[in-house]
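In: got a structure for you, letters missing:
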Ligand code: NAD
């Protein structure tokens, strides 16, 4: 038996915006290992960018999901239940913060902006996990994307630092609460990758260059690297791991 094989595993990936998205790297790798996919798109404006990717990956389900709209979340999970009757993995690869708040100092952040960032980037994980729990009848695995700016002060990461810290802590509590159901939960912490979300950070190019220069491995990280990691973690080969924040950043996080 090949414990890395994902044939028969069925999963939902939320967070593909385009071909640069980390979620797309995950979708490609999971598909390559045999998994069946349900993909979502944010709204009608995003749909034309995501639909060709869903077709390319032979996604069995393709539905809208704005996590601020519980009706859409419910409809998405209803469809998964109807179509598959179960779920084996969930990937939460989404983040949002209003640009005014993201570009300013944390101390100056507005209450509304902070709460919105926390709601869409962090509490949305709980909402998706709650819906997944009942469908993960034979156990499962859940992933959320985080960043080193949660642990260390990274210039220009600003209010997303505490939001990602809350996300990572949530992952540990979820791993604890769902462990008895054999549902594993991890946070994946990639180094900087040029994506649409990343382009919202001030001076992102400098961040990318610094990471490339200072990382122990002389290698530029890409979305396929994140996909390979997630495929391993979804597989039965990783069945004794849960609750971790797993860095995938060419070793940058160990540098002083
Ligand atoms: P991306 O722009 O491709 O993906 C962000 C996704 O969030 C988009 O698909 C967008 O539609 C989705 N989103 C925003 N608001 C939403 C809502 N209300 N409902 C549903 N979806 C919503 O950028 P990305 O870099 O692939 O980001 C994915 C995740 O990876 C984020 O959590 C981000 O913080 C994290 N991350 C990114 C990097 C990086 O350098 N790119 C590094 C570490 C972690």
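Out: Looks like it came in fine. Just so we're clear, the structure is a prediction, and the values are computed from it rather than from any experiment.
In: tell me which parts of the chain are close to the ligand?
Out: Counting by C-beta under 6 Å from any ligand atom, the residues of the chain lying close to the ligand are 15-17, 20-23, 42, 46, 65-68, 93-96, 120, 145-147, 190, 192-193, 195-198. To be clear about C-beta, it is placed using only N, CA and C from the backbone, and glycine gets the same treatment.
In: among those, which ones are in helices?
Out: Secondary structure defined by DSSP state H assigns 22-23 of the residues of the chain next to the ligand to helices.
In: among the residues of the chain next to the ligand, name the buried ones.
Out: Neighbour counting by 16 or more other C-beta atoms under 10 Å classes 15-17, 20-23, 42, 46, 65-67, 93-96, 120, 145-147, 190, 192-193, 195, 197-198 among the residues of the chain next to the ligand as buried.
In: list the buried residues for the lowest-mean-pLDDT helix or strand in the chain?
Out: Taking mean pLDDT, DSSP states H and E as the measure, helix 204-214 is the helix or strand of the chain with the lowest mean score, a mean of 95. When burial is assessed from 16+ other C-beta under 10 Å, helix 204-214 yields the following buried residues: 204, 207-208, 211-212.
In: ok, then the element right after that helix?
Out: Toward the C-terminal end, the helix or strand that comes next after helix 204-214 (DSSP states H and E) is helix 223-234.
In: give the next helix or strand downstream of that following helix.
Out: Using DSSP H and E, the next helix or strand after helix 223-234 towards the C-terminus is strand 245-248.
In: direction included, what does that next one pair against?
Out: Take DSSP bridges as the rule and strand 245-248 pairs in its sheet with strand 183-190 (parallel).
In: ok, now how distant is the residue nearest the centre of the chain from residue 7?
Out: To find the centre residue of the chain, average its C-alpha atoms and take the closest one (C-alpha atoms, centre = their mean): that gives residue 93, at 2.5 Å. Counting by C-beta to C-beta, to the nearest Å, the gap between residue 93 and residue 7 amounts to 23 Å.
In: over to residue 237?
Out: As for residue 237, its distance to residue 7 is 14 Å (criterion: C-beta to C-beta).
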